[in-house]
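Visitor: Based on what follows, work out the 3D shape:
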Amino acid sequence: MATNQTTGYEIPEEMRDFAEKSVEQARKAMDGFLGAAQKTVDTFEGSANTAQASVKDVTRKTLSYAEQNIAAAFDLAQKMVRAKNVQEAMQYQAEFVRSQVEAMQTQMKDLGSVAQAAMKQAPTKK
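Guide: Take a look at the predicted model:
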């Protein structure tokens, strides 16, 4: 009769080192991309009319949230490659999902507030 024992699978140190370096390189590349995106947004800043200001605000918030979410994903990746076993990796994954759901709820509420404020400030046609 087979027993239902789980054997601890250890991830080799070399594999973790390689994965950690790969994650760090990807993080640097993404930081460069986000920096370029931020510069692009800055170049599109035009006159200070309400519509442009609202779009600019939403764009900046969206980029900021994207940066936060990407940073959280890279943090998870770093933890995952450092995990000593599957149970530890699963714990990191569960914590990540829980925190990202909370972050997404906060981000959506914030973007909803910005959209409502923009609608209130928009000139009405009569």
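
Visitor: Give me the distance between A53 and T62.
Guide: 15 Å (C-beta to C-beta, to the nearest Å). For every residue, glycine as well, the C-beta is placed using N, CA and C.

Visitor: And M15, by the same measure?
Guide: 36 Å.

Visitor: Of those two, which one has the most company?
Guide: T62 (14 against 11; other C-beta atoms under 10 Å).

Visitor: Please identify the buried residues of the helix or strand hosting the more buried one?
Guide: Using DSSP states H and E, T62 falls within helix 50-82. For helix 50-82, burial by neighbour count (16 or more other C-beta atoms under 10 Å) applies to 54, 56, 65, 67, 70, 73-74, 76-77, 79-82.

Visitor: after it, next one along is what?
Guide: Downstream of helix 50-82 (by DSSP H and E), the next one is helix 86-121.

Visitor: between that following helix and helix 50-82, how many degrees?
Guide: Angle, helix 86-121 to helix 50-82, by axes from the mean of the first three to the mean of the last three C-alpha atoms, to 10 degrees: 180 degrees.

Visitor: Okay, buried residues for helix 86-121 please.
Guide: Across helix 86-121, burial judged by 16+ other C-beta under 10 Å covers A89, Y92, F96, Q100, Q107, V114, A118.

Visitor: Identify, from the residues you listed, the entry nearest to R27.
Guide: The closest of the buried residues of helix 86-121 to R27 turns out to be F96 (C-beta to C-beta; 15.6 Å).
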